[in-house]
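Asks: curious how this folds, go ahead:
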Amino acid sequence: MKNKKPYHTPQQKFFLNHKRNSIGLCGLCRGTKLLCGKSRCPIIIKYHSKEKIHPIINKLNIGGSSPPSIFIGRYGYPKITIGPMIPPIMGDTSIIDTPELWLDKSIDDIVDFRSLLIRGKYNVDVFDVENKNKIVEYTRELALSKNSVFSEAIFEKKPRGNILFYDEVQPHGPSAPIKKLDITNTKYDQQMEKAFYDTDLKSRKAVLNLYKNGVKISKIQRAFSVGAFGIKKYRKFVPTRWSITAVDSLIGKEMIKKTKSYPFINEFRIYQLNQFDNRWIILMLPNEWEYELIEAWYPNTTWNPYSRGITIFNSYEFNNGRNTYAEIGGCYYAARLAVNELLNKEKRQAGIAILREAHPGYIMPIGVWNVRESVREALRQRYQKFETLKEALFSASKFLDISINRWIKNSAIIKNRLYQKRIEDFSLIK
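Replies: Here you go, the predicted model:
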């Protein structure tokens, strides 16, 4: 298949050809012409969500049921801000901070309920996890809680700011420096509590034990960020975005050890999924463990806002792994964890190439969880199996818009399999 050029109206073409460098896109469009090519205007979506929440947060005190949710900032490290995230609503709000349950939601839904989370900010040093201030203590209790917790915060000034979106972290609403925090009806997750009080247990072991016992990854990441695990004298706060990738990486790395001990799968497999206007192909190869994530971002998507062409980039590892942080970032480790869950479940080993097409309908970033949960969901689907790699790639090409030749050109794993001679390619000389 040939590359399909993104469709643009005459107004969009005019802007792209004549106005890109001289006049702001949003100023020309104002949410009415969709000059950026997206199906909906991200600014208007954020504006409407902000307007819904503003009347009920325009005050110095906020009370409501925290999902529970907390946020550890990274700016100024090692001097950072920590604090709770509280929605001004009561009841069971756990859905607001459980991304494992969001795949059946729309991006608009996610923006709406995440915009409700008001972030309190309190300044601490990352090593000051034993700080006796109640804000620090209660923030930790929220991170270890298994249920929604009534929380009341008094701020130094009214919460302000737009809804914030990140590549790794789930979005959240306005924020403000916090003066006082009270919480009630906290119930610790017993497994979390056990890991927290075991101050001789290394954080790596704590994370792996919790995961093996069925604790959701989002909950482990939350507790990891407040320094709830590890040898007592080494405990520290970990910025939320770092904790997400650290936990994904740690669990995935441990599972890879097992994956490498299993026999190869017997066929080439293709899994596919279309989620949030992201098209996913998971290609499995019947050979030793190796892994690659390739992302293609269409024009006017989050990480390709200005280019007129499709941007493709990849990160990969062969059987001996990699020693540097993946260029793609946290998405790499989230997807790697997801595929190893399946391989460990089947007790099989395979080479993996994940192809992701991010189309303009993916109008804003909503966090790394999207990658982990989308790959998990793709792997729950029935796969197609093939005897040859060429047959598998041909099948994938019917689902993807970008030509398969371009995917191959930008891949290390697929190229290696196609063009590197293997022992089984040679017949024995008699």
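Asks: got phi/psi on residue 140?
Replies: Here is the backbone geometry of residue 140 (degrees, to the nearest 10): phi -60, psi -40.
Asks: check contacts around it.
Replies: 129, 226, 227, 228 (Cβ atoms under 8 Å, 6 or more residues apart in numbering). Glycine gets a C-beta too; all of them are placed from N, C-alpha and C.
Asks: what number of residues lie near the second one?
Replies: A count of nearby residues for residue 226, using other Cβ atoms under 10 Å, gives 25.
Asks: what ranges do the helices span in the chain?
Replies: 10-14, 25-29, 42-57, 107-114, 134-144, 190-197, 203-212, 217-225, 240-259, 330-346, 369-380, 389-397, 404-409, 413-419 (DSSP state H).
Asks: just say which of those is most tucked in.
Replies: Highest mean neighbour count of these: helix 217-225, a mean of 24 (counted as mean count of other Cβ atoms under 10 Å).
Asks: contact partners of that helix?
Replies: The contact list for helix 217-225, computed with Cβ under 8 Å, 6+ apart, reads 68-70, 72, 97-100, 143-144, 146, 189, 192, 195-196, 203, 207, 210-211, 229, 237-240, 242-244, 246-248, 251, 337, 369, 372.
Asks: columns mean pLDDT and distance to residue 359 on top of the helices of the chain, output as TSV?
Replies: What follows is those, written out as TSV (pLDDT from 0 to 100; distance: least, Cβ to Cβ, whole Å):
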stretch	mean pLDDT	distance to residue 359
helix 10-14	44	16
helix 25-29	49	18
helix 42-57	56	14
helix 107-114	86	13
helix 134-144	96	35
helix 190-197	94	38
helix 203-212	97	32
helix 217-225	97	26
helix 240-259	97	24
helix 330-346	98	16
helix 369-380	97	14
helix 389-397	97	16
helix 404-409	96	15
helix 413-419	93	22
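Asks: so which of the ones you listed is nearest residue 172?
Replies: Of all the helices of the chain, helix 107-114 sits nearest to residue 172, with 5.7 Å by Cβ to Cβ.
Asks: quick check: can you list the domain ranges of the chain?
Replies: According to automatic domain parsing, the chain comprises the domains 1-37, 43-189, 191-257, 268-424.
Asks: how far does the third one sit from its chain's centre?
Replies: Mean-position distance between domain 191-257 and its chain equals 17 Å (Cα atoms, centre = their mean, to the nearest Å).
Asks: show me which positions of the top strand by length along the chain end up buried.
Replies: When the chain is parsed with DSSP state E, its longest strand is strand 175-184. Across strand 175-184, burial judged by 16 or more other Cβ atoms under 10 Å covers 175, 176, 178, 181, 183.
Asks: and the gap between the fourth one and residue 286?
Replies: Pointing back at residue 181 there. For residue 181, the distance to residue 286 equals 54 Å [Cβ to Cβ, to the nearest Å].
Asks: residues in contact with the closest residue to residue 226 other than its chain neighbours?
Replies: In space, and not counting its chain neighbours, residue 226 is closest to residue 143: 4.3 Å by Cβ to Cβ, 6 or more residues apart in numbering. By Cβ under 8 Å, 6+ apart, residue 143 lies in contact with 68, 70, 222, 223, 225, 226, 228.
Asks: doesn't residue 145 make contact with the last one?
Replies: No - when contacts are counted by Cβ atoms under 8 Å, residue 228 is not listed as touching residue 145 (11.4 Å).
Asks: out of the two, which sits in the busier spot?
Replies: Using other Cβ under 10 Å, the more surrounded residue of residue 228 and residue 145 is residue 145, with 25 against 22.
Asks: skipping adjacent residues, who's closest to that one in space?
Replies: Spatial nearest neighbour of residue 145, chain neighbours left out: residue 68 (4.5 Å); criterion: Cβ to Cβ, 6+ apart.
Asks: need the pLDDT of the one you found.
Replies: Note on residue 68: pLDDT of 96.
Asks: so how far is residue 87 from it?
Replies: Relative to residue 87, residue 68 is positioned 11 Å away (Cβ to Cβ).
Asks: now do residue 386
Replies: 48 Å.
Asks: quick one: which of those two has more around it?
Replies: residue 87 (29 against 18).
Asks: excluding its backbone neighbours, what's nearest the residue nearest to the spatial centre of the chain?
Replies: Taking Cα atoms, centre = their mean, the centroid of the chain lies closest to residue 368, which sits 0.7 Å from it. Leaving aside its chain neighbours, residue 368 sits nearest to residue 330 (4.3 Å; criterion: Cβ to Cβ, 6+ apart).
Asks: show me the contacts for the one you found.
Replies: By Cβ under 8 Å, 6+ apart, the neighbours of residue 330 are 167, 168, 241, 244, 245, 248, 368, 371.
Asks: let's see 7 Å
Replies: Residues counted as contacts of residue 330 (Cβ atoms under 7 Å, 6 or more residues apart in numbering) are 168, 244, 245, 248, 368.
Asks: check residue 384 too.
Replies: Counted by Cβ under 7 Å, 6+ apart, residue 384 has contacts 269, 270, 395.
Asks: hey, what's the first one bridged with?
Replies: The reference is to residue 269. residue 284, residue 385 (DSSP bridges).
Asks: correct me if wrong: it contacts residue 385.
Replies: Yes - using Cβ atoms under 7 Å, residue 269 makes contact with residue 385 at a distance of 5.5 Å.
Asks: between those two, who's got more neighbours?
Replies: Between residue 269 and residue 385, counting by other Cβ under 10 Å, residue 269 is the more crowded of the two (19 against 16).
Asks: how close does the more buried one sit to residue 288?
Replies: Counting by Cβ to Cβ, the separation of residue 269 from residue 288 is 16 Å.
Asks: repeat that for residue 334.
Replies: Distance, residue 334 to residue 288, by Cβ to Cβ: 22 Å.
Asks: can you tell me the distance between the two ends of stretch 72-84?
Replies: 9 Å (Cα to Cα, to the nearest Å).
Asks: list the buried residues for that stretch?
Replies: Across stretch 72-84, burial judged by 16+ other Cβ under 10 Å covers 72, 73, 74, 80, 81, 82, 83, 84.
Asks: can I get those in JSON lines with distance to residue 325 and pLDDT?
Replies: As requested, the buried residues of stretch 72-84 are exported to JSON lines (distance: Cβ to Cβ, whole Å; pLDDT from 0 to 100):
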{"residue": "72", "distance to residue 325": "20", "pLDDT": "96"}
{"residue": "73", "distance to residue 325": "20", "pLDDT": "94"}
{"residue": "74", "distance to residue 325": "15", "pLDDT": "93"}
{"residue": "80", "distance to residue 325": "20", "pLDDT": "97"}
{"residue": "81", "distance to residue 325": "24", "pLDDT": "97"}
{"residue": "82", "distance to residue 325": "24", "pLDDT": "97"}
{"residue": "83", "distance to residue 325": "28", "pLDDT": "97"}
{"residue": "84", "distance to residue 325": "30", "pLDDT": "97"}
